[in-house]
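Participant: Below are the sequence and a predicted model; questions follow.
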Amino acid sequence: MADFIPSVDAQLLAFAQNFSTKISGTPLVFGLVAADATNLATQVSAFSSALTTATTPGTRTAVTVAAKETARTTLVADLRSLARRVQATLTVTVAQKTDLGLPIRDVVPSPVPAPATKPALDLRGIDRQSHLILIADETTPTRRARPAGAIGAEVYAFIGAPGATPPADLKHWEYMGLASKSEFTVSYEAADANKQAVIVARWVNRRGESGPVSNPITGSVAA
C-alpha cells in the first residue's frame, strides 16, 4: 500500500491542514482529545511558516531549509501517530477516514482464488530411477515463478508399460509430492525400472484448492 503521507512539501501541507481542521472540530469522534488537535495545529503552523521561509528566494538559505526539514519531520511523526490511533478506533467510519485522507484497510482478507493457470513441465534429466523436472507457469514459461496464491505444484505420475494410456482421473495416478521450487525430482521404485512414466502437475493454494492439470511429459525410468 502506498504511503498516505505526501512526499511533496506543498501537498503535505495541504494534507496536514485538512487533517488538523477535521480533528479540531470534533477530536473525540476520531478517538483523539483536544490536546492532540491543538498540538497538531501548532506543528502545521510551524511547518507552513518554515516552508514559506525556505522557498522564498530572499530568505532561502541552508539554515532555513534545514529548519523546514526539521519541522517536516516533527509534523510527519505526529501525523503518523495520530493516524494509527484513528485507525485503531472502531467507531471511526470509512467516510471519516476518507475525509482525513487515511487509507482504508481491508479488515476482511480477500480469499485467495484457486489457481487458474497450468504448470509448464520440462524433463531436464534422467537418472537411475528418477527424473528431474523443471516447473514453470504457462503464462511465464521462461521464469521460475509460481502464479499468485500458489504454494507449489502437486506432481503426479502414471507408471506403466511403454505406450500405455494413463487414466483420465488423477485419483488413479501416483502422487509424487508437492514441488515448492522450480526444480523437482520424481523418484521411482526399483520395480518401475524400464517402464514409462507420464508426469503431470497442477498448482495448489494454501486452502488446498487446485488448478487445471498441466500437459503431460513422458520419460523412461532408467534401471
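Facilitator: Alright, I've got the coordinates.
Participant: distance between the ends of stretch 101-117?
Facilitator: End-to-end distance for stretch 101-117: 38 Å, by CA to CA, to the nearest Å.
Participant: Identify the residue nearest Val112 in space, chain neighbours excluded?
Facilitator: Spatial nearest neighbour of Val112, chain neighbours left out: Gly149 (4.0 Å); criterion: CB to CB, 6 or more residues apart in numbering. All C-beta spots, glycine's among them, are computed from the backbone N, C-alpha and C.
Participant: Surely that neighbour and Ala116 touch.
Facilitator: No - when contacts are counted by CB atoms under 8 Å, Gly149 is not listed as touching Ala116 (9.5 Å).
Participant: And these two? Which one has more around it.
Facilitator: Gly149 (18 against 12; other CB atoms under 10 Å).
Participant: Who are the contact partners of that one?
Facilitator: Going by CB atoms under 8 Å, 6 or more residues apart in numbering, Gly149 touches 112-113, 115, 205-206.
Participant: So for the residues you listed, which is the shakiest by pLDDT?
Facilitator: For these, the weakest pLDDT value sits at Val112, with 78.
Participant: my guess is that one contacts Val204, does it?
Facilitator: No - in this structure, Val112 is not within contact of Val204 by CB under 8 Å, at 11.0 Å.
Participant: So these two - more neighbours on which side?
Facilitator: Val204 (20 against 14).
Participant: List the contacts of the more buried one.
Facilitator: Shown here is Val204, whose contacts under the criterion CB under 8 Å, 6+ apart are 115, 150-154, 178, 210-211.
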